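Peer 1: Can you look at this prediction? I've put the sequence above it.
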Amino acid sequence: MDFIAQLPVLPVVLPFVAAPLCLLLPAGRAPWVWATLVAWATFALSLILLEQVWINGTISYAMGGWSAPMGIAYRIDLTNGMVLALISFVAAVVFPYAGPSVRDEIAHKQTPAFYTALLLCFAGLIGVTITGDAFNVFVFLEISSLSTYVLVAMGAGRDRRALTAAFNYLVMGTIGATFFVIGLGLLYMATGTLNMIDLHERLVGQDNRVVKAAFAFIVTGLGLKLAMLPLHLWLPPAYSYAPSSITAFLAATATKVAVYIMLRFLYTVFGFDFPFLSVALDFFLILGVAGMFVASLAAMFQDDIKMMLAYSSVAQIGYMLLGISLGTVDGVAAGLLHLVNHAFMKAALFMAVGCVVLRLGSHQLSAFQGLAKRMPWTAWGMVIAAMSLAGIPGTAGFISKFALLQASFDKGGLTPTIAGFLIVLSSLLAVVYLMRVVRVMLQPLPESGPFTKPVVRPPLLMRVSLWVMVLANIYFGLQGGGLIALTRRAASILMGVDAGGAM
Amino acid sequence: MMDHLILRVMIKLFFAPILLFALYVQFHGDYGPGGGFQAGVIFASAFILFALGFGLRTTQKAVPPSVLPYFMVTGLLLYAGTGVVTLFLGGNFLDYYVLAPNSHHNAGQHMGIFLVELGVGMAVFSSMLTIFYYFAGREPEISDEDW
């Protein structure tokens, strides 16, 4: 076996083979250790893969020896190489964290099934990212979504509302997937191919109703999956009632992968020549800005911290859409940058909330009172991640919001400039809702109420994992140069500006 | 004992032919319409029919729910395992040619698709039956305390 030649397929195959084996492990610690090891190995593989792509340019891999466009091709360029590394990094940090938290939240005998679903979800997300075949995207999207519904529903042990949340998510997610596959069907009808590059070549110059309908179906379907503003209603309950570790994992990966796929379809499959693209981009601008404000305002009035952070996720997706909608290399690069940084900050925030849930059994605002005294590591980790989310200089959030600002002002024209000012304004909203939590955490311990008892510190493993994420926020806030260069090159390859991308 | 006599006799009569047909769809799927997915569903439908006539408990005695996960896992591993074997034989993932590289009549392709479809069939059969068991074995009423 030639390791480097087979490298593109290994990050998918490894968790995919590991998942069924996980089901056979005895309940308890074993499935967790197994899943963690798999996540680490996958992270190592994706890093090697990213390095290969950085050095040698785009890598293609023919499934089953059938070359594209006949067979399924995996195609890794910098954009999905980066998203791949991001997902597996989040998994490598969140899976170890999951152990103590899951022991508390999931019934003992369900642990093998839980980690099997988690590994399947992970494999699905990686598959969506890595593949260069449009229908394969659908298949992997469903693998990850179906296991996500199961994982969200497993929060029912702690809160029965997880069941309705999972069901809502299932209905909305399935509608999204159906729209997506209808769009693919129409594209297949118009072109007779499903390979992304081949699709692009055959779509050039086509401007008919079938293709337009396909475009509309695909954008709407993916919009549901990535929780674009009016289609976001499934997200807050699903994130609030899912088990803590699942929320941390999903918030940092699932919507990010959907954003990536949206980018891939907009710029690789349809491309700039597609006359309908500008319509979608205009809508993204409006919906993105609306999302930034509506969801931030909604977040301000939540007493449930997980719900608040979930609404904030919807708002942050607005920022990414805004970046994409600019239609410039800078804009897309800023969107990608925010995608990566938001994964770091949201994972850290939800992991901190998970520590609180583990020890205090609640994610209501009142449980956070005096947290800085009670659980200092968790509380200060959360403060730093919140600063990053608000975009305070020195954190990752500042870098990406600044990049977004710069991209909107550079684009020129009235609308992008206004959008730039709106970014600043909505960041202030984020400061408002985050300050609420920070203020409560810095207050003295409550003297009455359900949260007066002293608590044990959260397990070391959870604090370490949390702080790895927090430090990632600081690191990319201070040393963001490498990541900025990576996203810039990824965006220019994605948009076909860089010759190295060779569309 | 004499309840639904005609139905039960007919189910007994049909049971074996349904299984046989499922196997036909499974193994002829390489050449004609069919394949693992359809075969798995047909195979499971025989047991579901049996359960409709003879009750859930009798069926679960014949195919206990606890063995079904092993079928699922084996099925999935047959599929993925074929791919991993081709990887180690030096081909791409699921490149069946390397299973029998010197064959003139593509024996590798036949073997590969045979194994993969067998895996699909097993996984689909056991999933179908598991879903049926869960639906059929559900408590009819949910007490107020459960909510």
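Peer 2: Structure received. Numbers count the residues shown, from 1 in each chain, chains lettered A, B, ... in the order given.
Peer 1: what about A:Pro450, neighbour count?
Peer 2: Neighbours of A:Pro450 under the rule other Cβ atoms under 10 Å in any protein chain shown: 12. Yep, even glycine has a C-beta here, placed from its N, CA and C like the rest.
Peer 1: ok, it - contacts?
Peer 2: A:362, A:366 (Cβ atoms under 8 Å, 6 or more residues apart in numbering or on different chains).
Peer 1: Point me to the helix or strand that includes the residue nearest the centre of chain B.
Peer 2: Centroid-nearest residue in chain B, with Cα atoms, centre = their mean: B:Phe125, separated by 2.5 Å. Assigned by DSSP states H and E, B:Phe125 belongs to helix B:107-136.
Peer 1: Show me what the mean pLDDT comes to for that helix.
Peer 2: For helix B:107-136, the mean pLDDT works out to 92.
Peer 1: What residues sit buried inside it?
Peer 2: B:108-110, B:112-130, B:132-133 (16 or more other Cβ atoms under 10 Å in any protein chain shown).
Peer 1: what packs against that helix?
Peer 2: helix B:5-28, helix B:36-54, helix B:56-62, helix B:68-88 (3 or more Cβ pairs under 8 Å, 6 or more residues apart in numbering or on different chains; DSSP states H and E).
Peer 1: How about A:Gly361: what's its closest non-neighbour residue?
Peer 2: Spatial nearest neighbour of A:Gly361, chain neighbours left out: A:Ala367 (7.8 Å); criterion: Cβ to Cβ, 6 or more residues apart in numbering or on different chains.
Peer 1: Can you report phi and psi for that neighbour?
Peer 2: Phi and psi for A:Ala367, reported as degrees, to the nearest 10, are phi -70, psi -20.
Peer 1: Please report how far it lies from chain B.
Peer 2: From A:Ala367 over to chain B the distance is 24 Å, taken as Cβ to the nearest Cβ, to the nearest Å.
Peer 1: isn't that residue right up against A:Arg359?
Peer 2: No: between A:Ala367 and A:Arg359 there is no contact under Cβ atoms under 8 Å: 9.1 Å.
Peer 1: Tell me if I'm right that A:Asp304 and A:His363 touch.
Peer 2: Yes: the criterion here is Cβ under 8 Å, and A:Asp304 meets it with A:His363 at 6.0 Å.
Peer 1: Now do the contacts for residue 112.
Peer 2: Assuming you mean chain A. A:Pro112 is in contact with A:22-27, A:31, counting by Cβ under 8 Å, 6+ apart.
Peer 1: my question was about chain B
Peer 2: By Cβ under 8 Å, 6+ apart, B:Gly112 lies in contact with B:82, B:86, B:94, B:96, B:99.
Peer 1: Intersect the residues you listed with the contacts of chain A.
Peer 2: Among the contacts of B:Gly112, proximity to chain A is found for B:94, B:96 (Cβ under 8 Å from any Cβ of the partner chain).
Peer 1: Could you export the contacts of B:Gly112 as JSON lines, including pLDDT?
Peer 2: Output for the contacts of B:Gly112, formatted as JSON lines (pLDDT from 0 to 100):
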{"residue": "B:Thr82", "pLDDT": "92"}
{"residue": "B:Thr86", "pLDDT": "90"}
{"residue": "B:Leu94", "pLDDT": "85"}
{"residue": "B:Tyr96", "pLDDT": "87"}
{"residue": "B:Leu99", "pLDDT": "86"}
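Peer 1: Between the contacts of B:Gly112, which sits nearest A:Gly124?
Peer 2: Among those, B:Leu94 lies closest to A:Gly124 (Cβ to Cβ), at 17.7 Å.
Peer 1: didn't that closest one look like it was pressed against B:Leu115?
Peer 2: No: the pair B:Leu94 / B:Leu115 is not scored as a contact, 10.3 Å apart, by Cβ under 8 Å.
Peer 1: Could you name every residue contacting both of those two?
Peer 2: Contacts common to B:Leu94 and B:Leu115, judged by Cβ under 8 Å, 6+ apart, are B:Thr82.
Peer 1: what's the nearest residue to A:Thr58 if we skip its chain neighbours?
Peer 2: A:Asp77 is the one closest to A:Thr58 (Cβ to Cβ, 6+ apart), at 4.3 Å.
Peer 1: any idea how far A:Ala117 is from chain B?
Peer 2: From A:Ala117 over to chain B the distance is 13 Å, taken as Cβ to the nearest Cβ.
Peer 1: what's the closest residue to chain B within chain A in contact with, if anything?
Peer 2: Nearest residue of chain A to chain B (Cβ to the nearest Cβ) works out as A:Gly65 at 3.6 Å. The contact partners of A:Gly65, by Cβ under 8 Å, 6+ apart, come to A:71, B:91-92, B:95, B:97.
Peer 1: if you set the cut-off to 6 Å instead, what comes out?
Peer 2: For A:Gly65, the contacting residues are B:91-92, B:95, by Cβ atoms under 6 Å, 6 or more residues apart in numbering or on different chains.
Peer 1: So which of the residues you listed reach chain A?
Peer 2: Taking Cβ under 6 Å from any Cβ of the partner chain as the test, chain A is in contact with B:91-92, B:95 out of the contacts of A:Gly65.
Peer 1: Out of those residues, which comes closest to A:Gln110?
Peer 2: Distances from A:Gln110 to those, taken as Cβ to Cβ, are shortest for B:Asn92 (36.5 Å).
Peer 1: Can you tell me the closest non-neighbouring residue to that closest one?
Peer 2: Counting by Cβ to Cβ, 6+ apart, the nearest residue to B:Asn92 once its immediate chain neighbours are dropped is A:Gly65, at 4.9 Å.
Peer 1: roughly how far apart are B:Lys12 and A:Pro237?
Peer 2: 49 Å (Cβ to Cβ, to the nearest Å).
Peer 1: These two: who's more crowded?
Peer 2: More neighbours surround A:Pro237 than the other of B:Lys12 and A:Pro237, with 21 against 12 (other Cβ under 10 Å).
Peer 1: Now the more buried one. Nearest residue, chain neighbours left out?
Peer 2: Here the residue nearest A:Pro237, using Cβ to Cβ, 6+ apart, is A:Ala165, at 3.8 Å.
Peer 1: which residues sit in contact with the one you found?
Peer 2: Contact analysis of A:Ala165 by Cβ under 6 Å, 6+ apart lists A:237-238, A:241.
Peer 1: What residue in chain B comes nearest to chain A?
Peer 2: Closest point on chain B to chain A, by Cβ to the nearest Cβ, is B:Asp95, at 3.6 Å.
Peer 1: got the contact list for that residue?
Peer 2: The contact partners of B:Asp95, by Cβ under 6 Å, 6+ apart, come to A:64-65, B:86.
Peer 1: more crowded one of A:Asp304 and A:His363?
Peer 2: For A:Asp304 and A:His363, the more surrounded residue by other Cβ under 10 Å is A:His363, and the numbers stand at 25 against 17.
Peer 1: Near chain A, which residues of chain B are found?
Peer 2: Contact residues (Cβ under 6 Å from any Cβ) of chain B with chain A: B:69, B:73, B:76-77, B:80, B:87-88, B:91-95.
Peer 1: let's see it at 8 Å
Peer 2: Contacts of chain B with chain A, taken as Cβ under 8 Å from any Cβ, map to B:69-70, B:72-73, B:76-77, B:80-81, B:83-84, B:87-88, B:90-97, B:147.
Peer 1: Make a PyMOL selection of the buried ones in those residues.
Peer 2: Typed into PyMOL, the line below selects the buried ones among the residues of chain B next to chain A, using 16+ other Cβ under 10 Å:
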select buried, chain B and resi 69+72+73+76+77+80+81+83+84+87+91+92+93+94+95+96+97
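Peer 1: returning to what we had before: with pLDDT added, can I get the contacts of A:Gly65 in a markdown table?
Peer 2: As requested, the contacts of A:Gly65 are arranged in a markdown table below (pLDDT from 0 to 100):
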| residue | pLDDT |
| --- | --- |
| B:Gly91 | 85 |
| B:Asn92 | 87 |
| B:Asp95 | 87 |
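Peer 1: Check the spacing between the residue of chain A closest to chain B and B:Gly83 real quick.
Peer 2: Taking Cβ to Cβ, one finds A:Gly65 at 12 Å from B:Gly83.
Peer 1: Ok, A:Pro444 next?
Peer 2: Using Cβ to Cβ, A:Pro444 is found at 59 Å from B:Gly83.
Peer 1: Lovely, talk soon.
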